[in-house]
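A.B. asks: Here is a sequence together with a model predicted from it:
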Amino acid sequence: MSDTLAHQAARLWGFDPAHVTLAARRENIVYRVDGPDGAFALRLHRPGYRTRAQLQSELHWMTALERGGMAVPRPLPLPDGAMTARLGDTLVDVLSWLPGQPLGAQGALDGVSDRPALAHRLGRLLAQMHDLSDTWTPPADFTRPAWDRAGLLGDAPLWGRFWDHPDLTADQRSTFTAARARADADLAALETGLDYGLIHADVITENVMRDGDALYLIDFDDGGWGFRDFELATFLMRFLTAPDYSEIRAALVDGYAMRRRVDARTLDLFLLLRALTYPGWIIPRLHEPGGAERSARAIATAIPLAERYLNGGKA
């Protein structure tokens, strides 16, 4: 079914469907399209996950970042100038294809000999993105999700009520509930002094492309308003059990320090908050292939962080 939609979408943009190949099947389904002007990424968006207005806002933001000097995917308009198309209940867009390969999967850094050095470069890249975002004035109709206190810990978090995950034991549910309450109070006391603005919100290794020494960000689908420390925590969370975690963390923070100093205690809080989002995110996806394994991994990551947090420890 997705191949049929991809072929239909390719025709809308003037591409030959014979040159459409599946590239990734994740939250969105991405196809590579090869044409006379090079390669492009055709995205079939998960139905119901983003509104058309949210998607168009994402594309406007990416355009602003590219104009500011960042190498990010560039939206390719339709012949009539529209940025998106709708095929049934599926929204579609087309972006330029960036060179290189993803850093890895599930926190792996494939073929990276100096992991802290790479983390340092990534920290600098994130600082550049945040600076460019802060100098840009979004259009009046700009709308993206907010990874604010309500979006992370409110009664209806962006990625779901993690404390209501059906696979939690009674003790685990109690741990999540207590951690949520304390984290909400701690974040409420801190939030007015925190750096807040547009963030990518999904800087995992799958979404960072490497081409030689150059790094590029892709997949801004979860981007929106949020705390900048949450951005750093998203990348670091996958390395919590790595032997060189301390070195990777220090290098990422040092690279980002070209923008501002990062408080270690605040970063520890956002590591917990990032980990808590995943048990909520997986709830509506439990029936999908690999859902049970991803769910178990999300809970197994978040519970120790929540327990340490409640006991006064740090990540």
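C.D. replies: Right, received. Where do you want to start?

A.B. asks: Helix, strand or coil: sort out the residue most central in space within the chain for me.
C.D. replies: Note on the chain: the residue nearest the mean C-alpha position is Asp202, at 1.3 Å, using C-alpha atoms, centre = their mean. Three-state call for Asp202 (DSSP: H, G, I helix; E, B strand; the rest coil): coil.

A.B. asks: check contacts around it.
C.D. replies: In this structure, Asp202 makes contact with Asp219, Phe220, Asp221, Asp222, Gly223, Thr234, judged by C-beta atoms under 8 Å, 6 or more residues apart in numbering. For glycine as for every other residue, the C-beta is placed from the backbone atoms N, C-alpha and C.

A.B. asks: Surely the fourth one touches Arg144?
C.D. replies: Read that as Asp222. No. Proximity of Asp222 to Arg144 does not meet the contact threshold set by C-beta atoms under 8 Å, at 9.2 Å.

A.B. asks: check contacts around Arg149.
C.D. replies: Asp184, Leu187, Ala188, Glu191.

A.B. asks: The third one: which element?
C.D. replies: Secondary structure assignment for Ala188, by DSSP states H and E: helix 170-190.

A.B. asks: For that helix, buried residues please.
C.D. replies: Within helix 170-190, the residues that qualify as buried are Gln172, Thr175, Phe176, Ala179, Arg180, Ala183, Asp184, Asp186, Leu187, Leu190, counting by 16 or more other C-beta atoms under 10 Å.

A.B. asks: how would you label Val262: helix, strand or coil?
C.D. replies: Going by three-state DSSP, the secondary structure assigned to Val262 is coil.

A.B. asks: Tell me, how many residues neighbour it?
C.D. replies: Val262 has 19 neighbours, counted by other C-beta atoms under 10 Å.

A.B. asks: show me what contacts it?
C.D. replies: Contacts for Val262 (C-beta under 8 Å, 6+ apart) come out as Asp229, Leu232, Val253, Tyr256.

A.B. asks: Would you convert those residues into a markdown table that also reports neighbour count?
C.D. replies: Shown next, in a markdown table, are the contacts of Val262 (neighbours: other C-beta atoms under 10 Å):
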| residue | neighbour count |
| --- | --- |
| Asp229 | 25 |
| Leu232 | 27 |
| Val253 | 20 |
| Tyr256 | 25 |
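
A.B. asks: ok, these vs Asp213, which is closest?
C.D. replies: Taking C-beta to C-beta as the measure, Asp213 sits nearest to Tyr256 out of the contacts of Val262, at 18.0 Å.

A.B. asks: Helix or strand for Asp3, just tell me which one.
C.D. replies: Secondary structure here is read from DSSP H and E; on that basis Asp3 sits in helix 2-12.

A.B. asks: which residue ranges form the strands in the stretch 201-315 of the chain?
C.D. replies: Counting by DSSP state E, counting those that start in this stretch, the stretch 201-315 of the chain forms strands over residues 208-211, 214-217, 224-227, given from the N-terminal end onward.

A.B. asks: Let me know which of these is tucked in deepest.
C.D. replies: For the strands of the stretch 201-315 of the chain, the largest average neighbour count (mean count of other C-beta atoms under 10 Å) is found in strand 224-227, namely a mean of 23.

A.B. asks: Listing partners with orientation, what would you give for it?
C.D. replies: According to DSSP bridges, strand 224-227 forms sheet pairs with strand 146-147 (parallel), strand 196-199 (antiparallel).

A.B. asks: Now do the shortest one: distance to the chain's middle.
C.D. replies: Averaging C-alpha positions (C-alpha atoms, centre = their mean, to the nearest Å) puts strand 146-147 12 Å from its chain's average.

A.B. asks: Run through who's touching it.
C.D. replies: Leu158, Ile199, Ala201, Gly224, Trp225, Gly226, Phe227, Phe230.

A.B. asks: Thank you, goodbye.
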